[in-house]
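# show me how the following folds:
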Amino acid sequence: MSSYSELTFNSQGVQCEAALFMPQGNPSATVICAPGFGALWQFGNSTAITAFQKAGYAIFAFNYRGFGDSEGQPRQFINPTEQLKDWLAAINYVKTLGAVSKNIVLWGSSLSGGHVLSAAATVDGVNAVLAQVPHCSSRSAMQGANKVKLFATVMHALVDKLASVVGLRHRIAIVGDEHDGACGLSYPGWKKAYLSIVDDTANWQNAIPASSLLTAGNYNPIDTAEKINCPVFIAYGDKDRGILMSDVEATAAKITQCELWKFQGDHFDCYDNGKVNRQCIDKQLVFLSNLLSPKF
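Next comes the predicted model:
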């Protein structure tokens, strides 16, 4: 990955870490990106960042409160409402930077794919959204979940809530398999795929406070999708075990300007070294070029 400037920005009194990648010339747009469920921006996105940079875009990548070198307690707690506030703070901060373009593009994947849809429905001044395999509906995820595993997960979450009263945390794995017990993500093949994009040098553990799942389990970006008034590109997989195609398509149908690209593959096939990674990036670059070039 090419060199970048290290920055921090304030989100409700919490300092979040960020990285700014600049292109050779003046950037035609600024792409703001953040990671998916329990991840860091450094995981699985280097090919996309490099490609956007070479195409003339600035990239502002950040980590949520409680993750990586960002401030915030409890550590690695996943709260979509708070993470969305970090997105809005990042957008406001980028608009204050002198060297970047004020043409704002939001880029997110998986859980952050849902965040970029939610953010674009919340604020004005966003020129485009790029969402890979976006989380659209927790309701559907809950309905399709294994009931025994779901019950066990709720029990772990309640133990964590009780432990937090006395300043302790009960943690479960972010990603696991059928042998790992309760965890945030346990779809077949996902543990290997997720851990293959983890940067071992980063400040990260495969663990979250179990009650994270109580907050993440009621997050439905589909509910506000009709409020998005900028062009949106969505990539989704026909074999994605965690993101239902019907949810993505129903969400896209609520957006006035939305281009859908369905690829043959699972959730992680669009990340670094995935079988459609390069193709997905190229589709996004063409989308942005067609959208931005005539105007700027």
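# how near is Asp160 to Thr47?
From Asp160 over to Thr47 the distance is 36 Å, taken as C-beta to C-beta, to the nearest Å. Just so you know, the C-beta spots here come from the backbone N, C-alpha and C atoms, and that holds for glycine as well.
# more crowded one of those two?
Under the criterion of other C-beta atoms under 10 Å, the comparison of Asp160 against Thr47 puts Asp160 first, with 23 against 17.
# that one in helix, strand or coil?
The local conformation at Asp160, judged by DSSP: H, G, I helix; E, B strand; the rest coil, is helix.
# my guess is it meets Ala182, correct?
No - the pair Asp160 and Ala182 does not pass the contact test of C-beta atoms under 8 Å, sitting 10.6 Å apart.
# where does the protein have low pLDDT?
Where the chain drops to pLDDT under 70, the residues are 1, 141-150, 294-296.
# residue boundaries of the strands in it?
5-11, 14-21, 30-34, 58-62, 104-109, 126-132, 171-175, 183-185, 208-209, 232-237, 258-263 (DSSP state E).
# Gln284: which of those strands is closest?
Ranking the strands of the chain by distance to Gln284, with C-beta to C-beta as the measure, places strand 126-132 first at 5.0 Å.
# just the CA trace of the closest one, in PDB.
Once side chains and other backbone atoms are set aside, the C-alpha atoms of strand 126-132 remain, and they are given as PDB (Å, rounded to 0.1, in the frame of the first residue of the first chain):
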ATOM      1  CA  VAL A 126     -22.700  13.500  -0.800                       C
ATOM      2  CA  ASN A 127     -22.100  13.100  -4.500                       C
ATOM      3  CA  ALA A 128     -22.100   9.300  -4.700                       C
ATOM      4  CA  VAL A 129     -22.200   6.100  -2.700                       C
ATOM      5  CA  LEU A 130     -20.300   2.800  -3.400                       C
ATOM      6  CA  ALA A 131     -21.600  -0.100  -1.400                       C
ATOM      7  CA  GLN A 132     -20.100  -3.600  -1.500                       C
END
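# other residues contacting stretch 215-227?
Outside stretch 215-227, the residues within contact range by C-beta atoms under 8 Å, 6 or more residues apart in numbering are 37, 78-81, 111, 114-115, 117-118, 121-122, 134-139, 141-142, 184, 247, 250-252, 254-255.
# figure out how far it is from the centre of its chain.
Distance, stretch centre to chain centre, for stretch 215-227: 14 Å (C-alpha atoms, centre = their mean, to the nearest Å).
# and for stretch 44-55?
Using C-alpha atoms, centre = their mean, the distance from the centre of stretch 44-55 to the centre of the chain it belongs to is 16 Å.
# with stretch 66-78 instead?
15 Å.
# for stretch 120-129, same thing?
For stretch 120-129, the distance between its averaged C-alpha position and the chain's averaged C-alpha position is 16 Å (C-alpha atoms, centre = their mean).
# and the gap between the spatially most central residue of the chain and Leu106?
Ranked by distance to the mean C-alpha position of the chain (C-alpha atoms, centre = their mean), the top residue is Ser112 at 2.0 Å. As for Ser112, its distance to Leu106 is 9 Å (criterion: C-beta to C-beta).
# now swap in Pro27 and tell me
Separation of Pro27 from Leu106 (C-beta to C-beta): 15 Å.
# looking at those two, which is more packed in?
For Pro27 versus Leu106, the count of surrounding residues by other C-beta under 10 Å is larger for Leu106: 29 against 22.
# hang on, the earlier thing: any common contacting residues for Ser112 and Leu106?
Listed as contacting both Ser112 and Leu106 by C-beta under 8 Å, 6+ apart are Cys33.
# sorry, back to before: which of the contacts of stretch 215-227 fall in helices?
With helices taken from DSSP state H, the overlap with these comprises 80-81, 111, 114-115, 117-118, 121-122, 138-139, 141-142, 247, 250-252.
# got a PyMOL select line for the buried ones in the residues you listed?
Here the buried members of those are turned into a PyMOL selection, burial being counted by 16 or more other C-beta atoms under 10 Å:
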select buried, resi 80+111+114+115+117+118+121+122+138+141+247+251+252
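# rewinding a little: now do the shared contacts for Asp160 and Ala182.
Common neighbours of Asp160 and Ala182, using C-beta under 8 Å, 6+ apart, are Ala210.
# in the stretch 151-296 of the chain, mark out all the helices, start to finish.
In the stretch 151-296 of the chain, helices defined by DSSP state H, counting those that start in this stretch lie at 190-196, 212-216, 245-253, 277-292, listed in chain order.
# list the residues that contact the closest residue to Met22 other than its chain neighbours.
Spatial nearest neighbour of Met22, chain neighbours left out: Ala58 (5.4 Å); criterion: C-beta to C-beta, 6 or more residues apart in numbering. For Ala58, the contacting residues are 20-23, 27, 29-31, 99-101, by C-beta under 8 Å, 6+ apart.
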